[in-house]
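In: Below: sequence and its predicted model.
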Protein chains: 2
Amino acid sequence: MENFAPPRGMRDFYPEDYRIREYIFNAWEYAAKIYGFEFWDAPVVESMELLERKAGEEISEQIYSFEDKSKRRLALRAELTPSLARMIINRQGGLSFPLKWASIGQCFRYERMTRGRKREHYQFNLDIIGEESTTAETEVIAATLTSLEKTGLSEKEIRVHIGSRKLLVELLSEFKLSEAQLTACYMALDKKGKVSDEEINKILKNENIPEEVINKLFRVISISSLEEAESYLPENSEALKELKEFFKFSESYGISKYLKFDISIVRGLGYYTGIVFEGKAVKSNLRTVFGGGRYNNLLSSLGGRELPCVGMGFGDVVIMELLSDCRKLPGQRHGIEYIIGYMNADCAEFAQKAAAKIRKSGKSCSVGLKPEKPKQFFKKADRNNAHNAIYIGPDELESGKITIKNMKKSEDTIKSFAELP
Amino acid sequence: MENFAPPRGMRDFYPEDYRIREYIFNAWEYAAKIYGFEFWDAPVVESMELLERKAGEEISEQIYSFEDKSKRRLALRAELTPSLARMIINRQGGLSFPLKWASIGQCFRYERMTRGRKREHYQFNLDIIGEESTTAETEVIAATLTSLEKTGLSEKEIRVHIGSRKLLVELLSEFKLSEAQLTACYMALDKKGKVSDEEINKILKNENIPEEVINKLFRVISISSLEEAESYLPENSEALKELKEFFKFSESYGISKYLKFDISIVRGLGYYTGIVFEGKAVKSNLRTVFGGGRYNNLLSSLGGRELPCVGMGFGDVVIMELLSDCRKLPGQRHGIEYIIGYMNADCAEFAQKAAAKIRKSGKSCSVGLKPEKPKQFFKKADRNNAHNAIYIGPDELESGKITIKNMKKSEDTIKSFAELP
């Protein structure tokens, strides 16, 4: 073999990389648990049929698919939601809703390699299944923000843009657009700010959308507040009622400082039916950090019962880059509590017994695998960021007295074997 | 879609399953950290070439392989060691040995489905790379046993059988056997106790192994102690020296109560070169729980430098079954610290603010997503094993006094909002 790199677009996690990944996973797990979400997982392999049903043709192209030896069409999951939907449907009779579910799982997408693009990432998902109230949206967004706060980020770095698919449907309802035309309108909104207005115009004209609708759409895009939207909306607008309720709940949850109404948030061509949201980095070119929304039709479209759902997805690569940009990545490893070295083979037994005693107490301890010179040993203790270092030589063996060196304070304490932790 | 089961042979983890998996992973992580192992990971997808090089033809048949859109031959990993070897070789110039590395990763094997057999499992691996001393074997086995002790198992349930590939080579060296004949001898030893002596005889005769060797092999198989082995061995036997040293270190590590010399331990046709071991369940039909050994040639055989290694692998399915057999699986969920419910929409804000305050303090809290009747709420609190329950009605709203019900003691404490955690 000549090439020892991982498969193209995929990552190895050496211990220094793993520590960062663990730091992020810990923040995600902390937030999920604090809010009472329960963790679930499914195989990284799913049936290709499920992924196609959920994702549509476009994304199917990007799925790693293969046949097993019984000619089953399998694939590596590209997202967690299809598996979630499958698991809910599979037990829909026995689960008590609403459910608050969380998951961290590796997802794969075969994409052309560009800077920063990878073919796998870990995704953090929060979903509330079986709840119609916009408390569900609030809860999911609040828990997501808690995970970010746990890594040291705040409203200075993150803004959550709130839109509503239902609002757009209402705003465009008077025009009796076809499904394809509506889709073109969503695409146009999605592209706002990313491409020129002329480009957007072209997309819309291609779908034979009347001039009058295009003009209205551009006015819609420019709406900058909920109050402004109100003037365009029918009375008793359900979308408006939901949004107002959501913003009210957000006050009590203490997250309104993060929120911003943004009519252009659409979340692609997906399956969303109500409020949609995107967490964006305030600096870093407004990059999207997380996103999600309400998807009330997905489960029934796959063959399950109707269940209102809200979900959020969030990748490890994007948060790692954001933390790196903000200089908030964790520093050096936390370090082992005790490190023990010894001068020669005769001292090994004593050192190993000391290590066994310390480990029994629940403290972490590394003991030399072979004799080391003191200088070499204390260098290693320093490199490993050890809190306490113990070196066993013939003197210690004879006296039974052990010198524990506190590496940070450079202070020595002398103890007997029995006094070790 | 009609089938909402996971792909054949693979597992969904509903929250109750996930809790058990997490319990086992926590025990593994605890042991790894206590001993100062560092975690690493690699993609579940690897190049097929790497897996073939490591595993040989036999196992290749069981690998889920596929081609990506650039016709690269990829596969789902069947074990973690090939990825470990690849990562070490890829950075062998920049790593400071010995390394103590740990990993928990999902592995896939396409097998005929029989009872209890799955096509994926999570594997816990501990490896020490770059250490010749048998302290490495001792350290790996001791850490593994600590993970089992963390789940409540002891020497009553687990016995570690210790063999040595080097010992077998020495015992058979006088016969000048071919590679194929030596392999047949290992296979025969591996099958001892599992098939009849006649079967074993047949395997050996098929390889044209002389009667005289077969007779000796049967004598070798019957060796039951290190002292007995000694009488068959050449003077200055390196294998014997290693084993004696290993058993001496095991005394200081406090694990000798678990160990048993067992000449028949071979660990298949693999790549082991020295001491090999298998942790077996004392009851449960002596099922193998974990296994490993020294593999000093793997890295160089793949194109890396020569590095002495010791490794251990251990699957989540087998430990789950063992814990279930021993009735040591964890009970109900640990439960959320606070659960909050409210009577009507007017009380939502107060309840949500209380939840936000409690969560800020780092305590877990679940707040109702919609109003609930008190009876319904306290039933749910009970079902969720909540430690404390708070119900907000118009009285609480008016007085600002909050009743915290300790669910276990069924005791009420009354606090103001400011006094909440």
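Out: On my side now, so go ahead. Residues are numbered from 1 along each chain as shown, chains lettered A, B, ... in the order given.
In: okay, and the helix or strand of chain A with the least pLDDT?
Out: Lowest on mean pLDDT, DSSP states H and E among the helices and strands of chain A sits helix A:48-60, with a mean of 72.
In: What's the first helix or strand after it?
Out: Remark: after helix A:48-60, the chain's next helix or strand is strand A:65-67, criterion DSSP states H and E.
In: tell me what that following strand is packed against?
Out: Using 3 or more Cβ pairs under 8 Å, 6 or more residues apart in numbering or on different chains; DSSP states H and E, the elements in contact with strand A:65-67 are strand A:73-76, strand B:65-67. In this view, the C-beta of every residue, glycine as well, is placed from N, C-alpha and C.
In: Please list the residues outside it that contact it.
Out: A:48, A:73-76, B:64-67 (Cβ atoms under 8 Å, 6 or more residues apart in numbering or on different chains).
In: ditto for stretch A:332-343
Out: Contact with stretch A:332-343 is made by A:15-16, A:19, A:348, A:350-351, A:354-355, A:358, A:363-368, A:371-374, A:377, A:380-381, A:384-394, A:404, A:421, B:36, B:38, as judged by Cβ under 8 Å, 6+ apart.
In: hmm, 6 Å instead?
Out: A:19, A:348, A:351, A:354-355, A:358, A:363-368, A:371-372, A:377, A:381, A:384-393, B:36 (Cβ atoms under 6 Å, 6 or more residues apart in numbering or on different chains).
In: How about stretch A:365-379?
Out: The set of residues external to stretch A:365-379 that reach it, using Cβ under 6 Å, 6+ apart, is A:336, A:338-344, A:351-352, A:355, A:358-359, A:391, B:36, B:98, B:131, B:133, B:135-136.
In: and those, which are buried?
Out: The neighbour-count criterion (16 or more other Cβ atoms under 10 Å in any protein chain shown) marks A:336, A:338-343, A:351-352, A:355, A:358-359, A:391, B:36, B:98, B:131, B:133, B:135-136 among those as buried.
In: Near the residue lying closest to residue A:152 once chain neighbours are set aside, how many other residues are there?
Out: Nearest non-adjacent residue to residue A:152, counting by Cβ to Cβ, 6 or more residues apart in numbering or on different chains: residue A:328, 4.5 Å away. Using other Cβ atoms under 10 Å in any protein chain shown, the number of residues around residue A:328 comes to 12.
In: so what's residue A:328 scoring on pLDDT?
Out: On the pLDDT scale, residue A:328 is placed at 91.
In: How about residue A:76?
Out: In this model, residue A:76 is scored at 92, pLDDT.
In: any idea how far residue A:90 is from it?
Out: According to Cβ to Cβ, to the nearest Å, residue A:76 and residue A:90 sit 20 Å apart.
In: that older thread, how about the helices and strands packed on strand A:65-67 in TSV, adding mean neighbour count and distance to residue B:189?
Out: As requested, these are exported to TSV (neighbours: other Cβ atoms under 10 Å in any protein chain shown; distance: least, Cβ to Cβ, whole Å):
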stretch	mean neighbour count	distance to residue B:189
strand A:73-76	21	38
strand B:65-67	17	32
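In: do you know which of those lies nearest residue A:312?
Out: Closest approach to residue A:312 among those (Cβ to Cβ): strand A:73-76, 21.8 Å.
In: and the two most separated of the contacts of strand A:65-67?
Out: Using Cβ to Cβ, the two most remote members of the contacts of strand A:65-67 are A:48 and B:65, lying 16.0 Å apart.
In: which bits of the stretch 251-400 of chain A sit near chain B?
Out: By Cβ under 6 Å from any Cβ of the partner chain, the residues of the stretch 251-400 of chain A that approach chain B are A:252-254, A:302-303, A:336, A:349, A:352-353, A:356, A:359, A:364, A:366, A:369-370.
In: Filter the residues you listed down to the buried ones and hand me the ChimeraX line.
Out: Buried subset of those, written as a ChimeraX selection, criterion 16+ other Cβ under 10 Å:
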select /A:252,253,254,302,336,349,352,353,356,359,364,366,369
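In: Report the two of the residues of the stretch 251-400 of chain A next to chain B separated the most.
Out: A:303 and A:349, at 65.3 Å, using Cβ to Cβ across those.
In: which one is residue A:402 nearest to, not counting chain neighbours?
Out: What sits nearest to residue A:402 in space, not counting adjacent residues and going by Cβ to Cβ, 6+ apart, is residue A:415, at 5.3 Å.
In: Please identify which helix or strand holds the one you found.
Out: strand A:411-416.
In: That strand pairs with which strands, parallel or anti?
Out: Strand A:411-416 sits in its sheet next to strand A:401-406 (antiparallel), going by DSSP bridges.
In: ok, residues contacting the strand it pairs with?
Out: Outside of strand A:401-406, the residues that reach it under the criterion Cβ under 6 Å, 6+ apart are A:388-390, A:396, A:412-415.
In: Any idea how far stretch A:263-273 is from the middle of the chain?
Out: Stretch A:263-273 sits 19 Å away from the centroid of its parent chain (Cα atoms, centre = their mean, to the nearest Å).
In: That stretch: end-to-end distance?
Out: 14 Å (Cα to Cα, to the nearest Å).
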